[in-house]
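Trainee: Sequence plus predicted model, see below.
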Amino acid sequence: MTAYLMPLPIPRLPAAPGTLALAGSRSVVWDRAALLRGAGGPFAAASVSPGLRDRLSAVRAPLCGLSLDRPRIMGILNVTPDSFSDGGRHNDLAAAVARAQVMAADADILDIGGESTRPGAREVPEDEEIARTAPVIRAIREAGIATPISIDTRKARVAEAALDAGADMVNDVTALRFDPRMAALVAERGVPVCLMHSVATPETMQAHANYRDVLTEVLDHLAERMEAALRAGIAENRIVTDPGIGFGKTAAHNLDLIRGLPALHGLGAPILLGASRKRFIGTLGGAEMAEDRMAGSVAVALQGAAAGAQILRVHDTKETRQALRLWLAMAGAEEEDRA
C-alpha cells in the first residue's frame, strides 16, 4: 500500500521562508504536506525525504515545445455529432478550421476528438473516427495554424493517422488500456501521451462509479499505467497524467479529486485537468445546459491552476485565458509569451 503525500499549495506571493516551487511553478509554492494514507501531517516541506521533495518541486519537462512553469490552456475541438457540449457544431471541415483559428488566439494546445466519450456514448468505428479527425488536422496545418495539436483517441490507427496529418501528442482516456497497439505507437513515434483514469467504457462507466477512496485509487491506477508506459518504451518526460473528472465518477468523487489534485504531483508528471462544462458543474452551479456552465468551468480551472495543474482542458478558451491572466498577475507571475 502506497502512502501518498499531498503538498499543500499556496500562492507564490507573499513569499515566505521555506517555500518551494510546486512542480516548478512560477505561481504556486508549498511549505507543508500531509499524508493521504496513515497518520501524520501537516508537516514542513523540509522534513520530506529529499527524493520526494525534489519530485514534488522539480519543473516538468516541456510539452510540445511549451514550458510548463505556468498553466497551459488546451482548447477542446470535438468533430463529432454527439459530444455532450458541442456535438455537431464543428463537423464541417470549414467550421472546424474556423473554430481552430479562433481558439488558437488563446489556447496553447488544440485537442481534437472524433469520438464522444460522454457517459452512455457508443464506440465509433476506426475508419469513421479517422475520417472525422485526420482531414481536420491536415486542414488546420494547411491553414498555417502552428499551435500544437493533441489527438483525443483510444485507438492506435486513429492516433497514427492524426500524427501523420500533423498532430503532436496523444490523449488517451483509457491510459493505453483499450488498444494494445497504442503504447507501441506512442513509443515508436516519440510523442507525448496523456494517461487518464477511467473505468469500464463510456457506455457503462457511470455504473462503475464505486470507490472506497477515490483519490488514492486514482493515484494507484495512474502510477500503474505510468509503469506500463515506461515498460513499453515511452520516455518518462513524455507522460502526462489526468484524474479523469466525470469518467466513472459521481459529483462527490469529482470534488474529492479536485481538492486532492496536488497529490498527483507526487507521480512526477504534468497534470491535465479536464472538467470543462461537465455535469457536476451544472449540478452544483444550477446550470442544466452544458453551454451555460462557462462560469463554473472557469472557477474549476482556476482551482486547478491554484493546485499547480499544468494543463487546463477547456471549451471556453478566451474566457479561461482572461481569468488566468488575472489570476497569474495576482499570484505575482504575470503571463509572458506562450512560446
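Mentor: Cool, got the structure.
Trainee: Is residue 149 in contact with residue 112, as I believe?
Mentor: Yes - if you go by Cβ atoms under 8 Å, residue 149 and residue 112 touch, sitting 6.1 Å apart. (Glycine included, C-beta is placed from N, CA and C.)
Trainee: shared neighbours, the two?
Mentor: Contact criterion Cβ atoms under 8 Å, 6 or more residues apart in numbering; residues shared by residue 149 and residue 112: 137, 162, 167.
Trainee: Let me see the contact set for the first one.
Mentor: Contact analysis of residue 137 by Cβ under 8 Å, 6+ apart lists 112, 149, 151, 162, 165-167.
Trainee: Not counting its neighbours along the chain, what's nearest it?
Mentor: residue 165 (4.1 Å; Cβ to Cβ, 6 or more residues apart in numbering).
Trainee: coming back round to it: now, the contacts of residue 137 that are in strands?
Mentor: Under the assignment DSSP state E, those contribute 112, 149, 151 to strands.
Trainee: For PyMOL, what selects the buried ones among the residues you listed?
Mentor: Buried residues among the ones in strands among the contacts of residue 137 (16 or more other Cβ atoms under 10 Å), as a PyMOL selection:
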select buried, resi 112+149+151
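Trainee: Let me see the ranges of the helices in the protein.
Mentor: Counting by DSSP state H, the chain has helices at residues 50-57, 93-103, 126-142, 156-165, 182-189, 214-231, 251-259, 279-285, 294-306, 317-331.
Trainee: In CSV: the shared contacts of residue 149 and residue 112, plus pLDDT and distance to residue 280.
Mentor: What follows is the shared contacts of residue 149 and residue 112, written out as CSV (pLDDT from 0 to 100; distance: Cβ to Cβ, whole Å):
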residue, pLDDT, distance to residue 280
137, 98, 31
162, 98, 29
167, 98, 29
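Trainee: out of the residues you listed, who's nearest residue 55?
Mentor: Of all these, residue 167 has the smallest distance to residue 55: 29.3 Å, by Cβ to Cβ.
Trainee: and that closest one, how far is that from residue 125?
Mentor: For residue 167, the distance to residue 125 (Cβ to Cβ, to the nearest Å) stands at 20 Å.
Trainee: Now do the same contact list for residue 258.
Mentor: 245, 273, 275, 300, 303-304, 307.
Trainee: hmm, 10 Å instead?
Mentor: Applying Cβ atoms under 10 Å, 6 or more residues apart in numbering to residue 258 gives the contacts 215, 243, 245, 273, 275, 280, 300, 303-304, 307, 309.
Trainee: I'd like these laid out as TSV, including pLDDT.
Mentor: Formatted as TSV, the contacts of residue 258 follow (pLDDT from 0 to 100):
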residue	pLDDT
215	97
243	98
245	97
273	98
275	97
280	96
300	98
303	98
304	98
307	98
309	98
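Trainee: Emit the PyMOL select command for whichever of these are buried.
Mentor: The PyMOL selection below is limited to those of the contacts of residue 258 classed as buried (16+ other Cβ under 10 Å):
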select buried, resi 215+243+245+273+275+280+300+304+307+309
